[in-house]
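J.: Sharing a model that was predicted from the sequence below.
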Amino acid sequence: MRNRPAFLLLALLALCGSGAQLGAQESRQFNRIATPQSQQLPPGARAVVAVRAITMAQAESAMQSVAAAWNTPQLDPLLASNFYDKSRLLDALNTNYPRDAKLRVLAVQGVQTLGQYVQPSASGAEQLVSRVSVTARTQVEFNDPRTGAQRLEGTNEYILLFTEPKP
C-alpha cells in the first residue's frame with residue numbers, strides 16, 4: 001500500500017517519457033457568444049427596477065386579438081414598425097392562404113416578461129411598456145377545394161409589447 005503513490009508517479013513519468021502526448025496540439029481562444037446584455041430603451045424611457053410580470057390572462061387576451069386579426073388588414077397595425085419583413089409576411093398571408101383561413105389559439109403554454117420600461121405617452125402621462133415572450137399552440141383552419149377542411153397545428157413563440165398606464 002505504501003508503494004502505490006510512488007508506483008503511480010513512476011507510471012506517469014514513464015508514460016510522459018515514452019513519447020505519448022498529453023498536451024493539446026494547438027491552443028484556441030475562447031470567444032464569448034454574443035447575447036444582448038441590456039435592452040435598448042427608446043428615447044425618454046427609463047428601465048424599471050422591479051419587473052411586474054404580465055399575467056397568463058393578459059397574454060391569452062392579446063393572443064386572441066392577434067388571432068382575430070390574422071389574415072385580415074387589421075394585422076398590419078398590430079405589427080411593430082420594426083417587424084422584420086413585415087410586408088413580406090402580409091403578402092404571404094394574402095397569397096399563400098385562402099381568404100377564409102382563420103388562426104385559432106389552442107393553448108398559451110408559457111409567458112415570460114423579457115423586459116419593462118417606463119416612457120411618456122402621447123398625452124404626457126407615463127406608461128409601462130412590457131416586452132413579453134408568449135409560447136402558444138395555434139392552428140390554421142381553412143377549406144381547400146381539393147382536399148377539404150385543413151387544420152395546420154404548430155407551436156410558436158410570439159414577442160408582444162404590452163402598454164398600460166404606469167401603476
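T.: Yes, it's here.
J.: Any stretches of the chain with poor pLDDT?
T.: Along the chain, the parts satisfying pLDDT under 70 run over 1-39.
J.: repeat that with 90
T.: Scanning the chain for pLDDT under 90 picks out 1-51, 71-73, 80-84, 92-100, 115, 120-125, 143-148, 165-167.
J.: All the strands of it, residue numbers only.
T.: Using DSSP state E, the strands of the chain run over 46-47, 102-120, 126-144, 148-165.
J.: Report the backbone C-alpha coordinates of the last one in CSV.
T.: Looking back up the chat, that one is strand 148-165. C-alpha atoms of strand 148-165 as CSV (Å, rounded to 0.1, in the frame of the first residue of the first chain):
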residue,chain,number,x,y,z
GLY,A,148,-61.4,19.6,-47.9
ALA,A,149,-61.1,21.0,-44.4
GLN,A,150,-57.5,21.6,-43.4
ARG,A,151,-56.1,22.1,-39.9
LEU,A,152,-52.4,23.0,-39.6
GLU,A,153,-51.2,23.0,-36.0
GLY,A,154,-47.9,24.4,-34.6
THR,A,155,-46.2,25.8,-31.6
ASN,A,156,-44.6,29.3,-31.9
GLU,A,157,-43.1,32.0,-29.8
TYR,A,158,-44.6,35.4,-30.1
ILE,A,159,-42.9,38.6,-28.8
LEU,A,160,-45.6,41.0,-27.7
LEU,A,161,-45.4,44.6,-26.4
PHE,A,162,-47.9,45.4,-23.7
THR,A,163,-48.6,49.1,-23.0
GLU,A,164,-50.6,50.2,-19.9
PRO,A,165,-50.8,53.2,-17.6
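J.: what does it contact?
T.: With contacts defined as C-beta atoms under 8 Å, 6 or more residues apart in numbering, strand 148-165 is touched by 54, 58-59, 62-63, 66, 80, 106, 109, 114, 121, 125-144. Backbone N, C-alpha and C define where each C-beta goes, glycine included.
J.: ok, now with 6 Å
T.: 54, 62, 127-135, 137, 139-144 (C-beta atoms under 6 Å, 6 or more residues apart in numbering).
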